[in-house]
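K.L.:
give me the fold of what follows.
(chains A and B)
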2 protein chains.
Amino acid sequence: MKETGLKLILPGWVGDFLDDSKAYPEIEDRMRLVIGLARKNIEMGTGGPFGSAVFDMGTHRLISVGVNLVESSNCSVLHAEMVALILAQEKLRSYDLGAEGMPECELVSSAEPCAMCFGAIPWSGVRRLVCGASGEVAEAIGFDEGDKVGDWAGSLNRLGMEVIKNVLGAEAAEVLRQYLRMGGKIYNSRIQRRR
Amino acid sequence: MKETGLKLILPGWVGDFLDDSKAYPEIEDRMRLVIGLARKNIEMGTGGPFGSAVFDMGTHRLISVGVNLVESSNCSVLHAEMVALILAQEKLRSYDLGAEGMPECELVSSAEPCAMCFGAIPWSGVRRLVCGASGEVAEAIGFDEGDKVGDWAGSLNRLGMEVIKNVLGAEAAEVLRQYLRMGGKIYNSRIQRRR
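P.N.:
Residues are numbered from 1 along each chain as shown, chains lettered A, B, ... in the order given. Here you go, the predicted structure:
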């Protein structure tokens, strides 16, 4: 029995977004970057309409980026947030971005987290979550968020994490609509239909 | 900016557990396998006290296994369940194990899922979840489950998934206690202390 393992490979075009010499002091600039990743991901046909990045909260520089790689990697785990967190931890060689000696880290995402990504955030050690499109808007467009605790942001707050919602929310939501107009697939809708 | 990506590599000893020519018709046999993985993972010092596997519900054969690889891979995402799901999807070349043409898949895990793994399960396409140690027992020992919806099993049921709890629960919990006695680290306890 052979276990070949996971190879997480970002699409080649992502290189255009990776400039860790640049600072993104404004929250809107950081959000614009991840919305740009989401848009490019659908325009290039490399995945779903979601982008994320981890930033150093001290220097406002980029640590890692993520896009949705579910279809291209045959892996339902690889939501944009998960990819960004995995790559930040790999880059900083720590499974806990909140550990002693780590820069304070912020996860910026073009949409609010689904149940899986919500659950992954406390384990990651990030100190702040910044979201674009709201879960309500994403669900209205047809995306499923999964079953999260009602006050999910409060839950992260109680663990010491800050949550900032609806940064460029309309612009972020527009990428979700663009994906649908392009005929993009909302995966695992099969399970949804069972409800 | 270099993105090196994730390499998910199982410890070499896992090979002893991988026999996909063997059938595991009894649920206790399947649970014994994942408890064995959890125990071996701590005895070999390769990770936390958790084991999982995906089985074909028709043939009762093994599709993939997972152990907790958080520390060894510097990746907070790599809980045993996530590893087993990722490897099953890779083996069957589908991000949706519930898709047309896939065998019906069961995830067997030595403990109940944390909030992240709970959120990941519906996206994976498995039809059934089988758990060993209960979340209450795991939390009493000191492990954090994260913030899940109250009736998490009911939530999976409503999506068409069966959940079977407490299979060899005492035996599974004993591995968690063994880990603590061995001085094992319960990671991200830093965040927990903030509560």
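K.L.:
helix or strand for the spatially most central residue of chain A, just tell me which one.
P.N.:
For chain A, the residue nearest the mean C-alpha position is A:Glu81 (2.7 Å; CA atoms, centre = their mean). Take DSSP states H and E as the rule and A:Glu81 turns out to sit in helix A:80-92.
K.L.:
could you do A:Ala53 as well?
P.N.:
strand A:51-56.
K.L.:
export that strand as CSV, just CAs?
P.N.:
Output of strand A:51-56 as CSV, limited to C-alpha atoms (Å, rounded to 0.1, in the frame of the first residue of the first chain):
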residue,chain,number,x,y,z
GLY,A,51,-7.8,34.2,-1.5
SER,A,52,-6.0,34.6,1.8
ALA,A,53,-2.7,35.8,3.1
VAL,A,54,-0.8,35.9,6.3
PHE,A,55,0.9,39.2,7.2
ASP,A,56,3.4,40.3,9.8
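K.L.:
please see if that strand touches chain B.
P.N.:
No - with CB under 8 Å from any CB of the partner chain as the criterion, chain B is not reached by strand A:51-56; the gap is at least 11.3 Å. For glycine as for every other residue, the C-beta is placed from the backbone atoms N, C-alpha and C.
K.L.:
got the angle between whatever helix or strand comes next after that strand and strand A:51-56?
P.N.:
Following strand A:51-56 in sequence order, the next helix or strand is strand A:62-67 (DSSP H and E). Using axes from the mean of the first three to the mean of the last three CA atoms, to 10 degrees, the direction of strand A:62-67 lies 170 degrees away from that of strand A:51-56.
K.L.:
what are the buried residues along the helix or strand following strand A:62-67?
P.N.:
Later in the chain than strand A:62-67, the nearest helix or strand by DSSP H and E is helix A:70-73. Buried residues in helix A:70-73, counted by 16 or more other CB atoms under 10 Å in any protein chain shown: A:Val70, A:Glu71, A:Ser72, A:Ser73.
K.L.:
burial of the closest residue to A:Leu92 other than its chain neighbours, as a residue count?
P.N.:
Closest residue in space to A:Leu92, ignoring its immediate chain neighbours: A:Met102 at 6.1 Å, by CB to CB, 6 or more residues apart in numbering or on different chains. By other CB atoms under 10 Å in any protein chain shown, 19 other residues sit near A:Met102.
K.L.:
chain A: helices as residue ranges?
P.N.:
A:27-43, A:70-73, A:80-92, A:115-124, A:135-141, A:152-158, A:169-181, A:189-194 (DSSP state H).
K.L.:
distance to A:Met57 added to these, as a markdown table?
P.N.:
As requested, the helices of chain A are exported to a markdown table (distance: least, CB to CB, whole Å):
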| stretch | distance to A:Met57 |
| --- | --- |
| helix A:27-43 | 10 |
| helix A:70-73 | 28 |
| helix A:80-92 | 12 |
| helix A:115-124 | 14 |
| helix A:135-141 | 24 |
| helix A:152-158 | 15 |
| helix A:169-181 | 21 |
| helix A:189-194 | 36 |
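K.L.:
can I get the ones you listed in TSV with mean pLDDT?
P.N.:
Listed next are the helices of chain A as TSV, based on pLDDT from 0 to 100:
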stretch	mean pLDDT
helix A:27-43	97
helix A:70-73	90
helix A:80-92	96
helix A:115-124	97
helix A:135-141	89
helix A:152-158	96
helix A:169-181	95
helix A:189-194	47
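K.L.:
so which of those helices comes closest to B:Pro122?
P.N.:
helix A:189-194 (6.0 Å; CB to CB).
K.L.:
hang on, the earlier thing: OK, contacts around the residue nearest to A:Leu92?
P.N.:
A:Leu92, A:Ser94, A:Asp96, A:Gly125 (CB atoms under 8 Å, 6 or more residues apart in numbering or on different chains).
K.L.:
which of those residues has the most neighbours?
P.N.:
Of those, with other CB under 10 Å as the count, A:Gly125 tops at 25 neighbours.
K.L.:
not counting its neighbours along the chain, what's nearest that one?
P.N.:
A:Gly98 (3.1 Å).
K.L.:
where does that neighbour fall, phi/psi-wise?
P.N.:
phi -100, psi 10 (degrees, to the nearest 10).
K.L.:
just give me the neighbour total for it.
P.N.:
Counted with other CB under 10 Å, A:Gly98 comes out at 21.
K.L.:
repeat that for the one 5 residues further on.
P.N.:
Summarising burial for A:Pro103: neighbours were counted as other CB under 10 Å, giving 17.
K.L.:
cool, A:Glu100 as well?
P.N.:
Neighbours around A:Glu100, by other CB under 10 Å: 7.
K.L.:
gap between it and chain B?
P.N.:
To chain B, A:Glu100 is 8 Å away according to CB to the nearest CB, to the nearest Å.
K.L.:
ok, now A:Ala23?
P.N.:
Counting by CB to the nearest CB, the gap from A:Ala23 to chain B is 14 Å.
K.L.:
and if you look at A:Val137?
P.N.:
20 Å.
K.L.:
my read is that that residue contacts A:Gly169, right?
P.N.:
Yes - if you go by CB atoms under 8 Å, A:Val137 and A:Gly169 touch, sitting 7.0 Å apart.
K.L.:
related to what we said a few turns ago, given the strand holding A:Ala53, what are its sheet partners and their directions?
P.N.:
strand A:62-67 (antiparallel), strand A:105-111 (antiparallel) (DSSP bridges).
K.L.:
how about the last one: buried residues?
P.N.:
Right, the one you point to is strand A:105-111. A:Cys105, A:Glu106, A:Leu107, A:Val108, A:Ser109, A:Ser110, A:Ala111.
K.L.:
and the fifth one, what is it in contact with?
P.N.:
Right, the one you point to is A:Ser109. Contacts of A:Ser109 by CB under 8 Å, 6+ apart are A:Val34, A:Phe50, A:Gly51, A:Ser52, A:Ala80, A:Glu81, A:Ala84, A:Cys117, A:Leu129, A:Val130, A:Cys131, A:Gly132.
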